[in-house]
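Peer 1: Fold the following for me, if possible:
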Amino acid sequence: MKDSGVEPDAITLNTLLEAAGRANVFEQAIRVFEDMKSRGLTPKERSFRVLLGACGVAGNLVSAFLIFSELKRSGACLNTAYNALLQACGHANDIEAALSVFEDMKRDGIELDADAYSALLSITSSADFLTMEKARERLSSVNLPADPVESSENSELHVSDDSKTHLLRVFMLFMEMKNSGLQPDRVAYNSLMHACASAGDSKRAVKVLASMRSQGIDPDVVSYTSLMRACCVEGNLDRAFDVLQALQNDGLVASNLTYVTLIGGCLRAGDVERALELLETIELDFTHLLPLYQVVVEHSCSSGNIFEAVDILKRMQSAGVRPNPELLSQVALIAREQGLHEISNKLFYVANIKKPENNSERNELHV
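Peer 2: Prediction:
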C-alpha cells in the first residue's frame, strides 16, 4: 500500500494493529502502534486492549504498562484500561504485577467488576506456591468466612501443606468477589476448581462444581478436568475415571489435557496397563494420540524399565500409531546406557529408516 504511494488511514492501521496483536506478533504490533503515534493517530480502545494482550503473551510487561499509560491518556474508560492491563499480567503469568494492578485499581477508586476479579483469580489459581508466598501480604487483609463455598457450613478449610495454603488464598479472593456483590462466572469457578486440583481436594472440588450448577453455570471440560486431577492427586483413580464418564454423559468431548491428566493419574498410581487400556479406547487421530503414548513411554524410561518401554512402542504400532524417530532414539539412548546394545542398535536402526512412501506400510519394530 505504501509502495503505491497511498498512505494508510486510521481504520487500516487499527485493523493491522489488531491483526498483529491477535496473532501475538508482538514486534509487528508495536511497530504499527509507533507508526500510528508518529502520525498523530490514536488507536481505538479495542486496539489498545488487543495490543496489551500481545504484550502479556510476549512477557513484555514494561511495554504493557507504557501502553496502559497511553490508553489512560486517550480518555478510555478506566475500568476497561485496568482490566486490559490485568489480563496482560495474566498472559505473562506475573501474579506480583497483577496484584499490584489490583491494588492500584482500589487506590484509584475504580469499581472492581467481575472481569477484574475473574482475571486475578485465574492467574492466582495458576501460580505456584512460592510465587503465592511472595504475594501473601497483599491478600492477607481479606477476611475469610468459615467455608467460602457454602457459608452455612461451619467447617474450616484446614491448611496442612503448601498446596492447601495456596487453595486458601484463592478462596479468599473468590469470597472478596462475592462479598462485593458480584456474581462469579465460569472463569472464576474454574479457577477455584484448578486450585482444588492442585491441592488434591476432590471433596471441595465437588462442592465448587455443585455451587456452579446452583448458580446456573454448567461445568465445562476445564471444570471436569480439574475435578479429575484432584482425584488423581488424591490417588483415587476409580473416581477419576468416573469423572471422565460424567463428562461424556454431559455431552462434552474430553480434551488432550483431560486424557493427559487421567494418564498421569494412572502412572502416578503405578498402573501403566490401565493407562494403555485407556489409550486403546480413545478415538483420536494419530497426531493427538502420539503425544499421549509418549507420556507413557517416557514414564517407563524415567523408571529405567526399557523392556516395558519397548513393549509400549510395539503396542503403539499395533494401534496404528507409529513412534516418531525422536521417541525411538530416546529409548535407544537409555537402552545403550543400560548396556542393552542389541535393543539400542535396533531402535536406532528403525528410527533412521526413511518414512515409507506408501502410507499403508509401516516400519515394524522387532526387538
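Peer 1: could you list every residue that touches residue 280?
Peer 2: Going by C-beta atoms under 8 Å, 6 or more residues apart in numbering, residue 280 touches 315, 319. The C-beta positions use only the backbone N, C-alpha and C, and glycine is treated the same way.
Peer 1: Look up how far residue 348 lies from it.
Peer 2: Using C-beta to C-beta, to the nearest Å, one gets 27 Å for the distance from residue 280 to residue 348.
Peer 1: now the helices: where do they sit in the stretch 51-200 of the chain?
Peer 2: In the stretch 51-200 of the chain, the helices defined using DSSP state H, counting those that start in this stretch lie at 61-73, 78-91, 95-107, 114-126, 129-134, 136-139, 162-179, 186-199.
Peer 1: Report the mean confidence score over the fourth one.
Peer 2: Averaged across helix 114-126, the pLDDT comes to 82.
Peer 1: Specify the angle between that helix and helix 162-179 in degrees.
Peer 2: Helix 114-126 runs at 170 degrees relative to helix 162-179, counting by axes from the mean of the first three to the mean of the last three C-alpha atoms, to 10 degrees.
Peer 1: you'd agree residue 340 is up against residue 306?
Peer 2: Yes - counting by C-beta atoms under 8 Å, residue 340 touches residue 306, with 6.0 Å between them.
Peer 1: ok, the two, which is more surrounded?
Peer 2: Taking neighbours as other C-beta atoms under 10 Å, residue 340 and residue 306 compare with residue 306 leading, 22 against 18.
Peer 1: Please, which helix or strand holds the closest residue to the more buried one other than its chain neighbours?
Peer 2: Excluding its sequence neighbours, the residue lying closest to residue 306 (C-beta to C-beta, 6 or more residues apart in numbering) is residue 335, at 4.9 Å. In the assignment (DSSP states H and E), residue 335 maps to helix 325-337.
Peer 1: Would you mind identifying the next helix or strand past that helix?
Peer 2: helix 341-352.
Peer 1: Pull the contacting residues for residue 37.
Peer 2: So residue 37 contacts residue 70 (C-beta under 8 Å, 6+ apart).
Peer 1: Need the pLDDT of it.
Peer 2: pLDDT, residue 37: 85.
Peer 1: I'd like to know how far it sits from residue 43.
Peer 2: 9 Å.
Peer 1: Show me the shaky parts of this structure.
Peer 2: Across the chain, residues meeting the criterion (pLDDT under 70) sit at 1-6, 127-165, 353-367.
Peer 1: let's go with 50 and repeat that
Peer 2: When residues are selected by pLDDT under 50, those of the chain lie in 1, 128-160, 354-363.
Peer 1: and the most centrally placed residue in it, what does it touch?
Peer 2: By C-alpha atoms, centre = their mean, the chain has its centre lying nearest to residue 126, at 7.8 Å. Counting by C-beta under 8 Å, 6+ apart, residue 126 touches 93, 191, 194.
Peer 1: Is it possible to get CSV of those residues that adds neighbour count?
Peer 2: Formatted as CSV, the contacts of residue 126 follow (neighbours: other C-beta atoms under 10 Å):
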residue, neighbour count
93, 15
191, 27
194, 25
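Peer 1: Format these as JSON lines; extra columns: distance to residue 50.
Peer 2: Converted to JSON lines, the contacts of residue 126 look like this (distance: C-beta to C-beta, whole Å):
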{"residue": "93", "distance to residue 50": "19"}
{"residue": "191", "distance to residue 50": "23"}
{"residue": "194", "distance to residue 50": "26"}
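Peer 1: how about residue 253, secondary structure?
Peer 2: Per DSSP: H, G, I helix; E, B strand; the rest coil, the local secondary structure of residue 253 is coil.
Peer 1: List the contacts of it.
Peer 2: Applying C-beta under 8 Å, 6+ apart, we find residue 253 in contact with residue 221.
Peer 1: for residue 77, same thing?
Peer 2: With contact taken as C-beta under 8 Å, 6+ apart, residue 77 is in contact with residue 45.
Peer 1: gap between it and residue 54?
Peer 2: Going from residue 77 to residue 54 by C-beta to C-beta gives 20 Å.
Peer 1: Show me which of the contacts of residue 126 is closest to residue 238.
Peer 2: Among the contacts of residue 126, residue 194 lies closest to residue 238 (C-beta to C-beta), at 22.4 Å.
Peer 1: need the contact list for the residue lying closest to the closest one once chain neighbours are set aside.
Peer 2: Closest residue to residue 194 apart from its sequence neighbours, by C-beta to C-beta, 6+ apart: residue 125 at 4.3 Å. Neighbouring residues of residue 125 by C-beta under 8 Å, 6+ apart: 170, 191-192, 194-195, 198.
Peer 1: For residue 270, pull up the helix or strand it's in.
Peer 2: Assigned by DSSP H and E, residue 270 falls outside every helix and strand.
Peer 1: For residue 72, which non-adjacent residue is closest in space?
Peer 2: Closest to residue 72 by C-beta to C-beta, 6+ apart is residue 81, at 5.5 Å.
Peer 1: about what we covered before: save the contacts of residue 125 as CSV, and put in distance to residue 102 too.
Peer 2: Supplementary listing: those in CSV, determined by distance: C-beta to C-beta, whole Å:
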residue, distance to residue 102
170, 14
191, 14
192, 18
194, 19
195, 17
198, 21
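Peer 1: from the contacts of residue 126, which is closest to residue 244?
Peer 2: residue 194 (17.7 Å).
Peer 1: Does that closest one touch residue 228 like I think?
Peer 2: No - using C-beta under 8 Å, residue 194 is not in contact with residue 228; the gap is 11.9 Å.
Peer 1: start to end distance for stretch 67-86?
Peer 2: 13 Å (C-alpha to C-alpha, to the nearest Å).
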